[in-house]
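Asks: The amino acid sequence is not available; the structure is as follows:
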């Protein structure tokens, strides 16, 4: 993984707002309407070419394909795992599940309104989703029909080939590229586990074995793999019952986190650490975040994950001050920190000078070579959950590049190798 050796490099978390053509195709797939698969594939390919060109144009150093071919950053994996089939929700499974829990108890009126409309805010006017179920990422429930296997070999190779083909025309514009991938410990609600596995843990280790194939395919191709969130996801504190043993909730929660890290590291076995990024956020929604666990509590577990780079929220006003955690917690030698310097949750475009100030804060505690400028989370983790207007998304990413250029000038002085596209006066 390239470091910021002569300037601050920039990247993001993966998902970018999809084109209207892609959105219409995904909607047709989700609602089981007729659509031309061949045309959809062409729309995805041209969309990936466009999104790589745009990232090159504004100066992003480490791009992705925008997750354009996926319905969402997590649900896509269900189409690549054998042994699962969709099921109808149970009566006790409410829409949005544990999203916002336990914060929903603190702000029930807010969540009732928020869940009723947030998906619709920035959907292009010519893409009608009024007949799409109002569920997070059009969530689907699953049951096991057999042992878990990985069946996504052709799909991940297609992801890799499309990304590399789209990058080919941009010469030295990019220094790396990454593909996000799901994590085994993020699964919940799967039924019939005990028909095939002796425990939930045994099941998740089997999922880890399957996902290992996807991680290996990505890194064998020379790309970086980014794994997202769920190894430290506190949701499992409320679903994990097998290890309770009479322990209080906080200890059960830590045991669940520890087990999640162990399972993820099992999936990462033999994967070169220098090709792995781990992304942690506290949920992508524009919500109060009053119950987020502090970064200080999370860091010890996070640093056990076999990744070279850690992507963490730092523009979120609930967590912006936490750059100071690194005054007391040493970033291990060889590791890289990718703090979010712009937010995906607001249409306010951050000023480049603010971004430069944030970069310098992190550089002061972990070293300038160990900082890459990033984004708090994805701009559209699910196809129908667009966080900001697409024009604002690109303005924010350009501000990130501009801010990194300003910081580079101060941190490296006249030796800073700033790209021509980067420094724009505002």
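Replies: Yep, it's here. Here the structure is a predicted model, which means the values were calculated and not measured.
Asks: now the helices for this structure?
Replies: With DSSP state H, the ranges of helices along the chain come out as 20-30, 37-58, 103-106, 108-117, 153-167, 200-220, 236-239, 249-267, 295-302, 325-328, 352-366, 390-412.
Asks: Quick check: the gap between residue 220 and residue 275.
Replies: Residue 220 sits 9 Å away from residue 275, taking Cβ to Cβ, to the nearest Å as the criterion. From N, CA and C alone the C-beta is placed, and that goes for glycine too.
Asks: whoops, I mixed them up, residue 222
Replies: From residue 222 over to residue 275 (counting by Cβ to Cβ), the distance is 8 Å.
Asks: before we move on, what about residue 405?
Replies: The gap separating residue 405 from residue 275 is 27 Å, by Cβ to Cβ.
Asks: Go through the longest strand along the chain and flag the buried ones.
Replies: In the chain, assigned by DSSP state E, the strand with the most residues is strand 141-150. Neighbour-count burial for strand 141-150, counted by 16 or more other Cβ atoms under 10 Å, picks out 142, 143, 144, 148, 150.
Asks: Save these as JSON lines, and put in distance to residue 83 and pLDDT too.
Replies: What follows is the buried residues of strand 141-150, written out as JSON lines (distance: Cβ to Cβ, whole Å; pLDDT from 0 to 100):
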{"residue": "142", "distance to residue 83": "10", "pLDDT": "95"}
{"residue": "143", "distance to residue 83": "10", "pLDDT": "96"}
{"residue": "144", "distance to residue 83": "6", "pLDDT": "98"}
{"residue": "148", "distance to residue 83": "5", "pLDDT": "98"}
{"residue": "150", "distance to residue 83": "10", "pLDDT": "98"}
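Asks: Flag the shaky bits of the stretch 1-150 of the chain, pLDDT-wise.
Replies: Residues of the stretch 1-150 of the chain meeting the criterion pLDDT under 70: 95-98, 100, 136-138.
Asks: Which residues are in contact with residue 303?
Replies: Taking Cβ atoms under 8 Å, 6 or more residues apart in numbering, we find residue 303 in contact with 310, 329, 332, 335.
Asks: Those, buried ones only, as a PyMOL selection?
Replies: Selection of the buried residues among the contacts of residue 303 in PyMOL, burial being defined by 16+ other Cβ under 10 Å:
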select buried, resi 310+329+335
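Asks: Among the contacts of residue 303, name the ones in strands.
Replies: Residues of those located in strands (DSSP E): residue 310.
Asks: Closest to residue 372 out of the contacts of residue 303?
Replies: residue 310 (10.3 Å; Cβ to Cβ).
Asks: Any idea how many residues pack against the closest residue to that closest one other than its chain neighbours?
Replies: In space, and not counting its chain neighbours, residue 310 is closest to residue 278: 5.4 Å by Cβ to Cβ, 6 or more residues apart in numbering. Taking other Cβ atoms under 10 Å as the criterion, the count of residues near residue 278 is 26.
Asks: try residue 299
Replies: Using other Cβ under 10 Å, the number of residues around residue 299 comes to 20.
Asks: Same check on residue 289?
Replies: That count, for residue 289 with other Cβ under 10 Å as the rule, works out to 17.
Asks: what do you get for residue 50?
Replies: Using other Cβ under 10 Å, residue 50 has 14 other residues around it.
Asks: what's the closest non-adjacent residue to it?
Replies: Once flanking residues are discounted, residue 50 sits nearest to residue 19: 7.0 Å by Cβ to Cβ, 6+ apart.
Asks: was I right about that neighbour contacting residue 43?
Replies: Yes. Residue 19 is within contact range of residue 43, at 7.1 Å (criterion: Cβ atoms under 8 Å).
Asks: so what sits against both of the two?
Replies: With Cβ under 8 Å, 6+ apart, residue 19 and residue 43 have no common neighbours.
Asks: ok, residues contacting stretch 18-25?
Replies: By Cβ under 8 Å, 6+ apart, stretch 18-25 touches 26, 35, 39-40, 43-44, 46-47, 50, 66, 68, 123-124, 126-127, 380, 383-384.
Asks: make it 6 Å
Replies: Contact with stretch 18-25 is made by 35, 40, 43, 47, 68, 124, 126, 127, 383, as judged by Cβ atoms under 6 Å, 6 or more residues apart in numbering.
Asks: and residue 38, how many residues sit next to it?
Replies: When neighbours are counted by other Cβ under 10 Å, residue 38 registers 8.
Asks: Look up how far residue 44 lies from it.
Replies: With distances taken as Cβ to Cβ, residue 38 is found 11 Å from residue 44.
Asks: What of residue 257?
Replies: With distances taken as Cβ to Cβ, residue 257 is found 36 Å from residue 44.
Asks: Tabulate the contacts of residue 303 (a markdown table), appending distance to residue 172 and pLDDT.
Replies: What follows is the contacts of residue 303, written out as a markdown table (distance: Cβ to Cβ, whole Å; pLDDT from 0 to 100):
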| residue | distance to residue 172 | pLDDT |
| --- | --- | --- |
| 310 | 26 | 98 |
| 329 | 35 | 97 |
| 332 | 30 | 98 |
| 335 | 26 | 98 |
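Asks: Which member of the contacts of residue 303 is positioned nearest residue 359?
Replies: When these are compared for distance to residue 359 (Cβ to Cβ), residue 310 wins out at 15.9 Å.
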